[in-house]
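Visitor: coords below, sequence missing:
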């Protein structure tokens, strides 16, 4: 239930039309709890947001799932060490379960040929639906029409027939050990069952291990197509017009409009040849995750990064950044290989409200900083990161294994008429105006009595 895997589900649910069929979520139990957690501040000004559709949680504990299109078998990946007789109860992020999936396509119903429908004079309405479902019908004039009478003569070549797909995202080595020991995967190791596709979502740190490569090498590339979709593939631009536009602007002022990096002068289309590694595995080319910027710039010693919501404060040598889902990507393309060093220099992050775009961006930033800390050689010199946010985020920090890394600090706050979880802080920082919030007399009171230096105070 990594934030990058589940962060978009809430937005998808909010975009549904009322009355849609229930959305079935397959995965760890935390996913539905996460959606419920977001409801108070997903995008509502007053009260809690209500999803137009309903959610059905499909747990691996209920056994395999089957509908008209797919049969899904689950491989739970709890904490497991080779030689252990039982699985241990887990409480921290490193030991929390993930789920791998083996998805098998069921025989598809043949398509209805509408010309044949017209030929047999089948009226519009539920009778056509019955034919699509494989049922024979009796027309008002007494004639019987069977599905075979109106099916297309040729099958759709785009349909996946009799295919099995494995999707795996092992977060830790103990999870990988659990996967390798699962009875569900053993027939595919021995060759008694065949996988047509394997989709590797596993992060590079685990994917590159000897054990994972041993698992991958068990499958013949001529029989099983393996797709690496963990972000290590070379990114493709999603459209070339950005480059043409930037090139024109660069002719006006190359400093203000630097050439985009990496350089690209081609045409974007679907004819590009696939990129494979030395073992014939295909690198997925993601839809551009981050907007491309110019060449990486360090600026390590020249500036600080102060991550807050939108404000009007402009202070010398301070980058005032609004935390959203693209924040880490923007920082990555600005600082390039120095991004880990920059992340370890973060001191405080202020969150005035917890709209979903801010919340997802915050969790991503904290996870990347934690990764940077673990790789740092000077851990004793890195200051703890203080996150000033609404108390309701504590549960989300805990579920993502971030709570232990954040000091527990209490500051005074005042309520703001924005979302149900919007606040302003006093004592540690000056009261800063939220451009999305309405003016509120208490903000002025708290800002006036703030203990911070007046040159940083900006009160409306």
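Guide: The structure has been received and is ready for your questions. Note that this is a predicted model, so its numbers are computed, not measured.
Visitor: where exactly do the strands run in the stretch 251-400 of the chain?
Guide: 275-276, 282-283, 304-307, 318-321, 348-350, 386-388 (DSSP state E, counting those that start in this stretch).
Visitor: lowest average confidence across the ones you listed, which one?
Guide: Here the lowest mean pLDDT among these goes to strand 318-321, at a mean of 52.
Visitor: in the sheet, who's paired with the closest residue in space to residue 233 that isn't next to it in sequence?
Guide: Closest residue to residue 233 apart from its sequence neighbours, by Cβ to Cβ, 6 or more residues apart in numbering: residue 283 at 3.3 Å. The way it works is simple: take the backbone N, C-alpha and C, and place the C-beta from them, glycine included. Bridge pairing for residue 283 (DSSP bridges) gives the partners residue 228, residue 275.
Visitor: name the helices or strands packed onto the longest helix along the chain?
Guide: Longest helix of the chain, by residue count under DSSP state H: helix 356-375. Counting contacts by 3 or more Cβ pairs under 8 Å, 6 or more residues apart in numbering; DSSP states H and E, helix 356-375 packs against helix 3-6, helix 327-335, helix 339-344, helix 394-399.
Visitor: wait, which of those is closest to residue 170?
Guide: helix 3-6 (12.8 Å; Cβ to Cβ).
Visitor: how many neighbours does the closest residue in space to residue 351 that isn't next to it in sequence have?
Guide: Of all residues not flanking residue 351 in the chain, residue 389 sits nearest, at 3.8 Å (Cβ to Cβ, 6+ apart). Residue 389 has 24 neighbours, counted by other Cβ atoms under 10 Å.
Visitor: could you check how far residue 389 is from residue 127?
Guide: Applying Cβ to Cβ, to the nearest Å, the value for residue 389 to residue 127 is 57 Å.
Visitor: and the end-to-end length of stretch 37-53?
Guide: Terminal residues of stretch 37-53 are spaced 16 Å apart (Cα to Cα, to the nearest Å).
Visitor: what mean pLDDT would you report for it?
Guide: 58.
Visitor: also stretch 213-225?
Guide: The predicted model assigns stretch 213-225 a mean pLDDT of 94.
Visitor: surely residue 184 is in contact with residue 72?
Guide: No - look at residue 184 against residue 72 with Cβ atoms under 8 Å: they stay out of range, at 11.4 Å.
Visitor: name the residue in those two with the higher neighbour count.
Guide: Neighbour count, other Cβ under 10 Å: between residue 184 and residue 72, residue 72 has more, with 18 against 15.
Visitor: would you indicate which residues of the host helix or strand of the more buried one are buried?
Guide: If you go by DSSP states H and E, residue 72 is part of strand 70-77. Residues of strand 70-77 classed as buried by neighbour count (16 or more other Cβ atoms under 10 Å): 72, 73, 74, 75, 76, 77.
Visitor: name every strand pairing with it and say which way it goes.
Guide: Partners of strand 70-77 in its sheet, by DSSP bridges: strand 65-66 (antiparallel), strand 98-105 (antiparallel).
Visitor: dump those strands into JSON lines; add mean neighbour count and distance to residue 190 as well.
Guide: JSON lines is the format used below for those (neighbours: other Cβ atoms under 10 Å; distance: least, Cβ to Cβ, whole Å):
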{"stretch": "strand 65-66", "mean neighbour count": "14", "distance to residue 190": "24"}
{"stretch": "strand 98-105", "mean neighbour count": "20", "distance to residue 190": "15"}
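Visitor: would you turn these into a markdown table with mean pLDDT and distance to residue 380?
Guide: What follows is those, written out as a markdown table (pLDDT from 0 to 100; distance: least, Cβ to Cβ, whole Å):
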| stretch | mean pLDDT | distance to residue 380 |
| --- | --- | --- |
| strand 65-66 | 92 | 49 |
| strand 98-105 | 93 | 32 |
